[in-house]
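# From the sequence below, what's the structure:
(chains A and B)
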Amino acid sequence: EDQVTQSPEALRLQEGESSSLNCSYTVSGLRGLFWYRQDPGKGPEFLFTLYSAGEEKEKERLKATLTKKESFLHITAPKPEDSATYLCAVQAGGIQGAQKLVFGQGTRLTINP
Amino acid sequence: NAGVTQTPKFRILKIGQSMTLQCAQDMNHNYMYWYRQDPGMGLKLIYYSVGAGITDKGEVPNGYNVSRSTTEDFPLRLELAAPSQTSVYFCASRPGTGATNEKLFFGSGTQLSVL
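Down below sits the predicted model:
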């Protein structure tokens, strides 16, 4: 069974204090790993897709990396507007797996000014 | 651009009542999904569809039904509401498969309480 575990569940940082969020996964043939951002009362919003170990993608203060067992979302010098829940999801290989994502429980990030 | 539109935004049901959560997308996407999100939990897949007339069960389908008669619409039906169905429901869509087509676009959600 495909599984995704995110840690920590919640993280509180001061503005400018860099840190990383973890996403560990077990999946039968990884097709893609996705990061989403979710603000309170809203639907998730796409951030990144990673396809193979060693791949990295960046967007403003965020950088996502991927290994064969986990992904990290690095946040550099965060600002209060980066406060949100960050969701990780995996897409398995095969015809059935390619059709759906399995999500982790999310990390709730709070950046204090 | 409207994207994925969900109605209603909020609803309170009594145990045993039925209702339909509406979802429509105007991006001509083939794939559509229904997820539920409980507090502190990730998104759990209820049902999905890879095209008009084709639907399949996800991880937690019990107590729900879907239909997909058009590309645009993917309604979710609750026949006999139970307290365990209290949750936030998200509809999502994507164009299809392939590296540039697998990003999900989400609606803003329906918050449902069953009392």
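
# how about the helices of chain A, start to end?
A:94-97 (DSSP state H).

# who in it is up against chain B?
Contact residues, chain A versus chain B (CB under 8 Å from any CB of the partner chain): A:4, A:6, A:9, A:32, A:34, A:36, A:41-46, A:49, A:51, A:87, A:89, A:91, A:98-106. The way it works is simple: take the backbone N, C-alpha and C, and place the C-beta from them, glycine included.

# dump the residue contacts of the residue of chain A found nearest chain B.
Nearest to chain B in chain A, going by CB to the nearest CB, is A:G43, at a distance of 3.1 Å. By CB atoms under 8 Å, 6 or more residues apart in numbering or on different chains, the contact list for A:G43 reads B:V4, B:F90, B:A92, B:F106, B:G107, B:S108, B:G109.

# ok, which of those also contact chain A?
Among the contacts of A:G43, the ones lying near chain A by CB under 8 Å from any CB are B:V4, B:F90, B:A92, B:F106, B:G107, B:S108, B:G109.

# remind me which residues of the chain are low pLDDT?
Looking at chain A here, since you left the chain open. A:94-98 (pLDDT under 70).

# oops, I was thinking of chain B
For chain B, the ranges with pLDDT under 70 are B:1, B:97-101.

# Quick check: residues of it near chain A?
Taking CB under 8 Å from any CB, the part of chain B that reaches chain A is made up of B:4, B:31, B:33, B:35, B:40-45, B:48, B:50, B:56, B:58-59, B:90, B:92, B:97, B:99, B:102-109.

# Selecting buried members of the residues you listed in ChimeraX, what would you type?
In ChimeraX, a selection of the buried entries from the residues of chain B next to chain A looks like this (16 or more other CB atoms under 10 Å in any protein chain shown):
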select /B:4,31,33,35,42,43,44,45,48,50,58,59,90,92,102,103,104,105,106,107,109
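
# Surely B:R94 and B:S49 touch.
No. Under the criterion of CB atoms under 8 Å, B:R94 makes no contact with B:S49, lying 11.3 Å away.

# Give the residues shared as contacts by the two.
Applying CB under 8 Å, 6+ apart, one finds that B:R94 and B:S49 are jointly contacted by B:Y31.

# Not counting sequence-adjacent ones, nearest residue to the closest residue to chain A within chain B?
Nearest residue of chain B to chain A: B:F106, at 3.1 Å (CB to the nearest CB). What sits nearest to B:F106 in space, not counting adjacent residues and going by CB to CB, 6 or more residues apart in numbering or on different chains, is A:G43, at 3.1 Å.

# phi, psi of that neighbour?
For A:G43, the backbone dihedrals (degrees, to the nearest 10) come out as phi -80, psi 160.

# what about it, distance to A:Q105?
Shown here: A:G43 relative to A:Q105, a distance of 17 Å by CB to CB, to the nearest Å.
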